[in-house]
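Trainee: test case, fold it:
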Amino acid sequence: MSPAKPPTLLLDFLAARTGGQLTRARAFLGRVREHDPDTRLHILHADGALGFADGRADLVVDELHFDAPGIALRRIAWQNARLPALLAASGARAYLTFSHDLPLRFPGAIPSIVGVSNLAPFSPDARAAEARLLARLRLDVLARTIVSSARRARCVIALSETCRAMLVDRGIDAAKIEVIPNGVQVLPGIEDPAARARLLGSMGIRGDYLLYVSHFYRYKNFERLVRAFAALAPARRAGLQLVLVGRPWDADYHREVAALAATLGIAGDTCIIPGAGGIELSTLYASARLFVFPSLIENSPNILLEAMAHGVPVVASDVAPMPEFGGDAIGYFDAMSSDSMRAAIEQALADPEPRESIARRTRERAALFTWDRFTERVVALYRSVLG
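Mentor: Residues are numbered from 1 along each chain as shown. Have a look, this model is predicted:
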């Protein structure tokens, strides 16, 4: 009697193009065979986003192409029109996506696992931050789509207890929600002081600085941080810069933040860097005097965890789930109040605790969240569904 063939899992990474979705996909695929050597993994990705998976003999990889503009709409249309046939042709016994998209025409006979990664649609503060009606309507549509997918899925991956509670409040069965937080990975920065100074200088950084890393969306709350920095006591702000690192995905908001810094008279002390990665980003984290995280909503705050893992002192928004991840290793402020933010920054800058002690505490807390643990738990979940 021939041995049974391993079951097939269809992994839909079509939404993994940038940011946290791409980081999660890369981390998971890089570790999955350590925890599951047998399951046949059929991968979908788009426009070369997961090119690092091409050529791997242990994976079946299909690359699709969605021409801009309207990439998201084209992807959703393809998933509804073509995904059911692909599931049948591949012999998949289960379907997994870390995105929330579950096509309306998804075949009910195949168990599905969906991830919920975006909580902005459920945040009144994030919705109120949007200046345009179209952006608010988009959040409303996303909220309905996420809830619809979660109701129809066999299992749901929530990245935080906060996410789980939001889903339960909207009628999702708590028994099918698995809380699996993201992990964090620390890449080495530049150790040589002279080389580090040259890199920072090339970015316009000339000395001590406060750091915030996040792409420019309105719910990321850059403007209140700019106001808080401008309001620091003159003696405290002397010699400090505010360094903001992120891609201007909301170009209007990016311009508004730069204009606000100019209006408040701190443009010369504000350094806006349009994205950084790898060695550059690790060096920015490790060299910061203080990391400030004012976001109005997150699910599993990767950037916050990255800063903590680099041992930098951190003050963050007190909006859930930030305390769920930061614990007592970091300080907190009211994210809706630039004055509360200013006070927390001044207190952190004046804290006499040795940096080595702070670094030990933040690193120990960040070490609770690893990509190996994430991968192990996701594998256990889909293998239970595969039976």
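
Trainee: any idea how far the residue with the shortest distance to the centre of the chain lies from Pro103?
Mentor: For the chain, Gly20 is the residue whose C-alpha lies nearest the centre (C-alpha atoms, centre = their mean; 3.8 Å). Using C-beta to C-beta, to the nearest Å, Gly20 is found at 22 Å from Pro103. Heads up, the C-betas are built off the backbone N, CA and C, glycines and all.

Trainee: pull up the gap between Trp249 and Leu22, please.
Mentor: To Leu22, Trp249 is 14 Å away according to C-beta to C-beta.

Trainee: who touches the residue nearest to the centre of the chain in this structure?
Mentor: Ser117, Asn182, Ser300, Asn302 (C-beta atoms under 8 Å, 6 or more residues apart in numbering).

Trainee: for the protein, give me the ranges with low pLDDT.
Mentor: 1-3, 68 (pLDDT under 70).

Trainee: what segments of the stretch 101-250 of the chain are strands?
Mentor: Along the stretch 101-250 of the chain, the stretches classed as strands by DSSP state E, counting those that start in this stretch are 112-116, 155-158, 177-179, 209-213, 241-245.

Trainee: tabulate those strands (a markdown table), appending mean neighbour count and distance to Tyr95.
Mentor: Formatted as a markdown table, the strands of the stretch 101-250 of the chain follow (neighbours: other C-beta atoms under 10 Å; distance: least, C-beta to C-beta, whole Å):
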| stretch | mean neighbour count | distance to Tyr95 |
| --- | --- | --- |
| strand 112-116 | 25 | 5 |
| strand 155-158 | 25 | 11 |
| strand 177-179 | 18 | 16 |
| strand 209-213 | 23 | 33 |
| strand 241-245 | 24 | 36 |
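
Trainee: could I get those as a markdown table with distance to Ser384?
Mentor: Listed next are the strands of the stretch 101-250 of the chain as a markdown table, based on distance: least, C-beta to C-beta, whole Å:
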| stretch | distance to Ser384 |
| --- | --- |
| strand 112-116 | 10 |
| strand 155-158 | 8 |
| strand 177-179 | 10 |
| strand 209-213 | 36 |
| strand 241-245 | 40 |
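
Trainee: relative to Ala194, which of those is closest?
Mentor: strand 209-213 (18.2 Å; C-beta to C-beta).

Trainee: that closest one - contacts with which helices or strands?
Mentor: Packing contacts for strand 209-213, counted by 3 or more C-beta pairs under 8 Å, 6 or more residues apart in numbering; DSSP states H and E, involve helix 222-230, strand 241-245, helix 278-287, strand 290-293, helix 302-309.

Trainee: name every strand pairing with it and say which way it goes.
Mentor: strand 241-245 (parallel), strand 290-293 (parallel) (DSSP bridges).

Trainee: next one: phi and psi at Tyr332?
Mentor: phi -140, psi 160 (degrees, to the nearest 10).

Trainee: number of nearby residues for it?
Mentor: Counted by other C-beta atoms under 10 Å, the residues lying close to Tyr332 total 18.

Trainee: what's across from it in the sheet?
Mentor: Ala316.

Trainee: what sits against it?
Mentor: So Tyr332 contacts Val315, Ala316, Ser317, Asp318, Met322, Pro323, Gly326, Ala344 (C-beta under 8 Å, 6+ apart).

Trainee: cutoff 7 Å now
Mentor: By C-beta atoms under 7 Å, 6 or more residues apart in numbering, the contact list for Tyr332 reads Val315, Ala316, Asp318, Pro323, Ala344.

Trainee: same deal with His254?
Mentor: Phe216, Pro248.

Trainee: what's the answer for Pro354, then?
Mentor: Contacts of Pro354 (C-beta under 7 Å, 6+ apart): none.

Trainee: quick check: it vs Gly278, distance?
Mentor: According to C-beta to C-beta, Pro354 stands 29 Å off from Gly278.

Trainee: Gly239 contacts Leu210, correct?
Mentor: No: counting by C-beta atoms under 7 Å, Gly239 stays clear of Leu210, with 11.7 Å between them.

Trainee: so which of the contacts of Gly20 sit within helices?
Mentor: Asn302 (DSSP state H).

Trainee: OK, contacts around the closest residue to Phe106 other than its chain neighbours?
Mentor: Among residues not flanking Phe106 along the chain, Ser112 sits closest, at 6.3 Å (C-beta to C-beta, 6 or more residues apart in numbering). Counting by C-beta under 7 Å, 6+ apart, Ser112 touches Tyr95, Leu102, Phe106, Ala153, Arg154.

Trainee: so what does the last one have for phi and psi?
Mentor: It stands for Arg154. Per degrees, to the nearest 10, the backbone of Arg154 is at phi -70, psi -40.

Trainee: how about the nearest residue to it, chain neighbours excluded?
Mentor: The shortest distance from Arg154 to any non-neighbouring residue, by C-beta to C-beta, 6+ apart, is to Pro111 (4.0 Å).

Trainee: what is the neighbour count of the one you found?
Mentor: Other residues near Pro111 come to 18 when the count uses other C-beta under 10 Å.

Trainee: follow-up on the earlier one: neighbour count: Trp249 and Leu22, which is higher?
Mentor: Leu22 (16 against 13).

Trainee: state the distance from that one to His65.
Mentor: Leu22 is 17 Å from His65, by C-beta to C-beta.

Trainee: show me the strands in the stretch 251-387 of the chain, by range?
Mentor: 270-273, 290-293, 314-317, 331-333.

Trainee: picking that back up, okay if I get the helices and strands packed on strand 209-213 as CSV plus distance to Ile177?
Mentor: Below are the helices and strands packed on strand 209-213 laid out as CSV (distance: least, C-beta to C-beta, whole Å):
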stretch, distance to Ile177
helix 222-230, 32
strand 241-245, 33
helix 278-287, 32
strand 290-293, 26
helix 302-309, 20
